[in-house]
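# Need the 3D shape of this:
(chains A and B)
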There are 2 protein chains.
Amino acid sequence: MKTEKKAVILFSGGLDSTTVLYYALSKGYKCSCLMFDYEQRHNKELLSAIKIAKSVKAEYSIIKMCLPWSKDVLTNKNKKIPVHKRLPKTIPPTYVPGRNTLFLSYALSYAQSISAQTIFIGVNSVDFSNYPDCTSKFIKAYNEVLKVLKTRIIVQTPLLKLNKAQIIKLGTKLNVPYQDTWTCYNGYEKPCMRCDSCKLRAKGFKETKIKDPAI
Amino acid sequence: MKTEKKAVILFSGGLDSTTVLYYALSKGYKCSCLMFDYEQRHNKELLSAIKIAKSVKAEYSIIKMCLPWSKDVLTNKNKKIPVHKRLPKTIPPTYVPGRNTLFLSYALSYAQSISAQTIFIGVNSVDFSNYPDCTSKFIKAYNEVLKVLKTRIIVQTPLLKLNKAQIIKLGTKLNVPYQDTWTCYNGYEKPCMRCDSCKLRAKGFKETKIKDPAI
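Numbers count the residues shown, from 1 in each chain, chains lettered A, B, ... in the order given. Below you'll find the predicted structure:
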């Protein structure tokens, strides 16, 4: 009997992680989506995530994650989301310290409990926002941790070497419902089109010459 | 001006982590204790932790950590704590998958936010319970993750090579209030003296010929 291919998808309901979910499904994985409620400024992303996970009939689990000491702007409603003319070259204030390390550690625990062999995470080192936990070095080091824990679980990063336009091209081929994804750091009715996250997305769609169906 | 030495202590209120706290204090660290409420079967340990942290005037933070998929016996009140004649040679059912990885990842986030240089964890590879996340290999791999994240934070494990008797000797020198620590997996009024954790502690005190003041 062939072992069932199972994966935990770190899933935010954004453009990248939705592309990853569809990628994993296309590779025959039975997917369980792991989402986080980390007291974001808004829950638009989480609502997108739930809608998408349900639409592909994936199991999902939501972890309430509290970082009482966090001073980043994504979880701190009193701080303003920065607007940069150019994308930042240093670690920006939207960085949540230790975030991907925490996400992966919850995913490890989840994967072990459901005997999944793979954790998929949509990190991206080309059009990335200078977050130190979105690099191939980081993923390599984390995979080493999984190895010494004798888990046989591997973190896979199908988007790592793709730029935003290439991710959108891949997702379009896989029929990713980009109209349902949420990317904006702000939680207004429509994407603000001014924050770093909106700008990266817009740049990607512009390069592919595909119209963003979410706007 | 000399930089203040700051540390995050992964702190459970048990024998090992209390010894670690007193060790870090003796080395001149300003200590912040990080505790977890992960739906343990009982909160005796957490109450011990708070009492001890307050007594040394350490700051502390409690993280509510929920693992909805966890089937281990420590968080699952319907399962019985096992009683082994000998200490187990394989991974026992008290192992919470990914636990120390999660603890360290929260500690990383906490340490970054308060500019602490060190995370202390009381793992122990001699008298340990066969948990794969209590080994020097695991700590080494995790320190590599901290390095690639460009944090300058280091995980230190002062108890790693000590057996339980040596830990108790060290702690006794440092005036650790062992009467206030809680080790038992069960949450009865007194330690059960039958679970693996109680047995390890009793063996340690027996070898040092010191009477356990908690009994």
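# Which secondary structure state is assigned to the closest residue to residue A:118 other than its chain neighbours?
For residue A:118, ignoring the flanking residues on the chain, the nearest one in space by CB to CB, 6 or more residues apart in numbering or on different chains is residue A:7 at 4.3 Å. All C-beta atoms are positioned from the backbone trio N, CA, C, and that covers glycine. Counting by DSSP: H, G, I helix; E, B strand; the rest coil, the backbone at residue A:7 sits in strand.
# wait, isn't residue A:183 in contact with residue A:202?
No. Counting by CB atoms under 8 Å, residue A:183 does not reach residue A:202; the two are 9.3 Å apart.
# Between those two, which is the more surrounded one?
Neighbours were counted for residue A:183 and for residue A:202 using other CB atoms under 10 Å in any protein chain shown; residue A:183 has more, 25 against 16.
# Which residue ranges of chain A form helices?
Secondary structure of chain A by DSSP state H: the helices cover A:15-26, A:44-55, A:99-114, A:136-148, A:164-173, A:196-208.
# Relative to chain B, which of these is closest?
Evaluated with CB to the nearest CB, the helices of chain A place helix A:99-114 nearest to chain B, the distance being 3.4 Å.
# in the helix or strand bottoming out on mean pLDDT in chain A, what's buried?
For chain A, counting by mean pLDDT, DSSP states H and E, helix A:196-208 ranks last in confidence among helices and strands (a mean of 91). Using 16 or more other CB atoms under 10 Å in any protein chain shown as the test for burial, helix A:196-208 gives A:196, A:197, A:198, A:199, A:200, A:201, A:202, A:204, A:205, A:208.
# For those residues, give me JSON lines that also has distance to residue B:145.
Shown next, in JSON lines, are the buried residues of helix A:196-208 (distance: CB to CB, whole Å):
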{"residue": "A:196", "distance to residue B:145": "25"}
{"residue": "A:197", "distance to residue B:145": "25"}
{"residue": "A:198", "distance to residue B:145": "30"}
{"residue": "A:199", "distance to residue B:145": "30"}
{"residue": "A:200", "distance to residue B:145": "26"}
{"residue": "A:201", "distance to residue B:145": "29"}
{"residue": "A:202", "distance to residue B:145": "33"}
{"residue": "A:204", "distance to residue B:145": "29"}
{"residue": "A:205", "distance to residue B:145": "34"}
{"residue": "A:208", "distance to residue B:145": "34"}
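# Between which two of those residues is the distance greatest?
Maximum pairwise distance among the buried residues of helix A:196-208 (CB to CB): 19.2 Å, between A:196 and A:208.
# So which residues on chain A come close to chain B?
Contacts of chain A with chain B, taken as CB under 8 Å from any CB of the partner chain, map to A:61, A:63-64, A:66-71, A:96-99, A:101-102, A:104-106, A:108-110, A:112-114, A:132-133, A:135, A:137-138, A:140-142, A:144-145, A:147-150.
# ChimeraX command for the buried members of those?
In ChimeraX, this line selects whichever of the residues of chain A next to chain B come out buried by 16+ other CB under 10 Å:
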select /A:61,63,66,67,69,70,96,97,98,99,101,102,104,105,106,108,109,110,112,113,132,133,135,138,141,142,144,145,148,149
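# residues in contact with the residue lying closest to residue A:103 once chain neighbours are set aside?
Of all residues not flanking residue A:103 in the chain, residue A:10 sits nearest, at 5.2 Å (CB to CB, 6+ apart). Neighbouring residues of residue A:10 by CB atoms under 8 Å, 6 or more residues apart in numbering or on different chains: A:17, A:20, A:34, A:103, A:104, A:107, A:119, A:120, A:121, A:122.
# rerun that using 7 Å as the cut-off
Neighbouring residues of residue A:10 by CB atoms under 7 Å, 6 or more residues apart in numbering or on different chains: A:17, A:34, A:103, A:107, A:119, A:120, A:121.
# Could you save those as CSV and add columns showing pLDDT and neighbour count?
Formatted as CSV, these follow (pLDDT from 0 to 100; neighbours: other CB atoms under 10 Å in any protein chain shown):
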residue, pLDDT, neighbour count
A:17, 96, 25
A:34, 97, 28
A:103, 95, 25
A:107, 97, 27
A:119, 98, 26
A:120, 98, 27
A:121, 98, 27
